[in-house]
Each structure stands twice: as structure tokens, then as C-alpha cells.
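> Sharing a model prediction with you, sequence too.
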Amino acid sequence: MTPLANLHIDIDVRVHTILEGHADWLCGKGCDGCCRRLAEVPQLTFAEWELLREGLAALSAERLQEIRMLAISSQQDRPLTCPMLDRSSGTCPVYHQRPVACRTYGFYVQRDKGLYCHDIELQVDEGRLPSVVWGNHDAIDQQLARLGESRSLSDWFECWMRESCTTELTHPE
């Protein structure tokens, strides 16, 4: 099993445990708040990008082109909307191949960087989720760092369009 697959299993166990203990947890099907309120374009390792490309390859050529254009265009307004989000349905067409940043959001936290769901924080502050213990996202970041260099989703798309991702990783410019 790959290091990325092992990391996904660890994340899935934590998410499942949280959801079992909190039937009213906000993160779930129908919630796309984090996808519509990104502070920055997600960062992915090459392993994450390779998995994501598998999901992207299953999309129609038209939808893939739309995602590519959204990903490489510089969205100046903040917050950003994830280029992969289907805005009409609020769903992710590559959900099973989504990056670690998407898998952990709402279940792990980096308070000093503002990487946590403010809707969940509000419920905790109001006493509606009294038993929540915020997790430490630093452990996830350390595991991702062992997978290699990270690039922005936009950079990966640009690299893919030039068909040079593997070459650039092996021989940086």
C-alpha cells in the first residue's frame, strides 16, 4: 500500500470516529462551504496529483476543460471557489480522488493558519458541540512532506497542459 493510501486510511478512521460521535456534524453531503470559501488554491503533492488526475480523466472533455480553465485562471477575489466544484449541485466530481486538504477540512485544524471550519467553531462556541477536541493538522503536514514537493493545483494543471509534470519533477528548471 502506498504512503498516500495509508494516510487516507488514517484520515478516514478519524473522520468516521468523529461522525459516529456527532450525528449533527456539519461536514457531509450537501455541505460545500469550504469548497466555496478557499483562502488559497490547494497545494498537492505529486502522489495526490496523480490520484486526482485519475478522477479527472473520467470526466467529459468539456467538464475537464472547464475545470482546467478555472484552475489556471488567477482568481483575484477572495475567498476562492474550488475549480472542481460543480457549482449547481454543490458536489465534487472527483470526490474519491480529492486531495488531503479536502479530506481533512472540518476534521483537523491549524488554528494559527486559520485552516478550520468557522461554522463548526461557531457551534463549539455556542455549546452545541461540547465534546469536540480539535485535532492537530501538523501531523498530516509532516506525512505529506514525506511524499515530496507540493505545488498549487493551478501549477499542476499548467504542468499537465504542457505534458511535462514528470520531467519537471525530475529535472527542475
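Alright, I've got the coordinates.

> which residues sit in contact with the residue nearest in space to the middle of the chain?
Centroid-nearest residue in the chain, with CA atoms, centre = their mean: Cys102, separated by 2.4 Å. Contacts for Cys102 (CB atoms under 8 Å, 6 or more residues apart in numbering) come out as Cys34, Cys35, Pro42, Cys82, Cys92. Where C-beta positions appear, they are placed from N, C-alpha and C, glycine not excepted.

> farthest pair in the residues you listed?
Pro42 and Cys92 (11.9 Å; CB to CB).

> between these two, who's got more neighbours?
Pro42 (23 against 17; other CB atoms under 10 Å).

> Skipping its backbone neighbours, what lies nearest the more buried one in space?
Leaving aside its sequence neighbours, Pro42 sits nearest to Ala101 (CB to CB, 6 or more residues apart in numbering; 4.6 Å).

> now the one you found: how far from Glu20?
Relative to Glu20, Ala101 is positioned 23 Å away (CB to CB, to the nearest Å).

> who's more crowded, the two?
Ala101 (22 against 9).

> element containing the more buried one?
Using DSSP states H and E, Ala101 sits in helix 100-104.

> Now do the buried residues in the longest helix that the chain contains.
When the chain is parsed with DSSP state H, its longest helix is helix 3-21. Within helix 3-21, the residues that count as buried by 16 or more other CB atoms under 10 Å are Leu4, Leu7, His8, Ile11, Arg14, Val15, Ile18.

> do stretch 47-58 as well
Ala47, Glu48, Trp49, Glu50, Leu51, Leu52, Gly55, Leu56.

> try stretch 19-28
His22, Trp25, Leu26, Cys27.

> any idea how far Pro83 is from the residue lying farthest from the centre of the chain?
What lies farthest from the middle of the chain is Gly127; by CA atoms, centre = their mean that is 27.8 Å. To Pro83, Gly127 is 37 Å away according to CB to CB.
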